[in-house]
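S.K.: 3D model of this:
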Amino acid sequence: MKVTIVVDNIEHAGIPGEWGFCAYIEQNGKKLLLDTGASNLFADNAEKLNIDLKDVDFAVLSHAHYDHANGMGKFFEINEKAPFYLQEGCGENCYFKKGFVRKYIGIPKGITKRYQDRIKYVSGICPIAEGIYLVSHSTPHLEQIGKKEMMYQKTKLGWKPDNFCHEQSLVLDTDSGLVIFNSCSHGGVVNIINEVKAAFPEQKITALIGGFHIFRHPEAAIRELAKLIKETGIQRIYTGHCSKERGYRILREELGDMAGQFYVGMELEF
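M.R.: Next up is the predicted model:
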């Protein structure tokens with residue numbers, strides 16, 4: 001399995017970054033795109049990295065936030081065949097809400113209707129190709145995290161704290177063990193690892209790749225998270241995006257070489 005980071009906050013070798021995430025993955029002869037960043041930058045970067053988006057077999061949206069979904073329309077223009085997998089809880093209803101402040105942070109308005117023939121909704125543990133799975137959250141009470149992070153969903157009955165029913169983990173079965181991708185890990189890094197453990201109880205989990213959404217968290221909370229990550233038995237983490245430099249630095253202090261930081265153009269193989 002080979003991974004190329006197409007979009008991240010950290011630019012590299014003249015290839016620009018942005019606040020967002022996109023990764024290109026090759027696994028068992030299949031080509032997969034995870035997220036599309038916050039703009040059409042992912043398409044420009046893919047060209048610079050010699051990635052032909054027309055050849056992508058599957059696309060996956062990690063969760064329903066703009067910095068992972070704003071390039072969806074561009075992807076559909078470039079690639080006319082690949083299905084795009086979303087969690088069935090994915091809608092145009094995600095907001096940041098603090099007091100009287102309401103800020104829409106969701107996917108492009110109208111995108112799911114415009115491309116309804118290309119979008120596939122999934123739930124539970126869903127295989128999409130040999131050795132490639134999507135795993136939805138099964139941990140209860142994730143709305144408590146949503147409330148703490150001031151993330152809400154707007155429903156017909158009013159505002160409710162986000163329970164991240166729109167978020168999913170991409171899990172790949174490699175020769176080295178299972179590799180988990182969860183682009184922002186809103187449901188909690190340790191929760192995500194444990195969900196995948198429960199879904200594949202006989203298999204080793206080698207790595208987790210994604211942002212951890214800890215850029216606002218107190219230092220003590222990040223150090224405690226590092227301790228809990230180590231206790232899961234996972235061998236390696238690679239983080240960036242919403243962990244930001246500070247979050248990564250603290251994790252690295254606690255986890256040492258177990259922790260790596262990704263950047264635009266980085267390649268990983270398992």
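
S.K.: Please make it C-alpha for all contacts and neighbour counts, starting now.
M.R.: Fine.

S.K.: quick one: which helix or strand includes Arg249?
M.R.: helix 244-255 (DSSP states H and E).

S.K.: strand partners of the next helix or strand after that helix, parallel vs antiparallel please.
M.R.: As assigned by DSSP H and E, the chain's next helix or strand after helix 244-255 is strand 259-261. As defined by DSSP bridges, the strand partners of strand 259-261 come to strand 236-239 (parallel).

S.K.: Export only the CA atoms of the partner strand, formatted as PDB.
M.R.: Provided in PDB are the C-alpha atoms of strand 236-239 (Å, rounded to 0.1, in the frame of the first residue of the first chain):
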ATOM      1  CA  ARG A 236       2.800   4.200  14.600                       C
ATOM      2  CA  ILE A 237       0.900   7.400  14.100                       C
ATOM      3  CA  TYR A 238       1.200  10.000  11.400                       C
ATOM      4  CA  THR A 239      -0.500  13.300  12.000                       C
END
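
S.K.: Show me which positions of the longest helix along the chain end up buried.
M.R.: The longest helix of the chain (DSSP state H) is helix 219-232. Within helix 219-232, the residues that qualify as buried by neighbour count (16 or more other Cα atoms under 10 Å) are Ile222, Arg223, Leu225, Ala226, Ile229, Lys230.

S.K.: what do you get for stretch 77-91?
M.R.: By neighbour count on 16+ other Cα under 10 Å, the buried set for stretch 77-91 is Asn79, Ala82, Pro83, Phe84, Tyr85, Leu86, Gln87, Gly89, Cys90, Gly91.

S.K.: looking at it, the fourth one is touching Ser62, isn't it?
M.R.: No: the criterion here is Cα atoms under 8 Å, and Phe84 misses it with Ser62 at 10.7 Å.

S.K.: now the angle from the longest helix of the chain to helix 244-255?
M.R.: Taking axes from the mean of the first three to the mean of the last three Cα atoms, to 10 degrees, one finds helix 219-232 and helix 244-255 inclined to each other by 50 degrees.

S.K.: what's in contact with helix 219-232?
M.R.: Applying Cα atoms under 8 Å, 6 or more residues apart in numbering, the contact partners of helix 219-232 are Val189, Val190, Ile193, Asn194, Ile214, Gly247, Ile250, Leu251, Glu254, Leu255.

S.K.: May I ask which helix or strand encompasses the residue nearest to the spatial centre of the chain?
M.R.: Geometric centre of the chain, nearest residue: Ser183, 1.9 Å, by Cα atoms, centre = their mean. Under the criterion of DSSP H and E, Ser183 resides outside all helices and strands.
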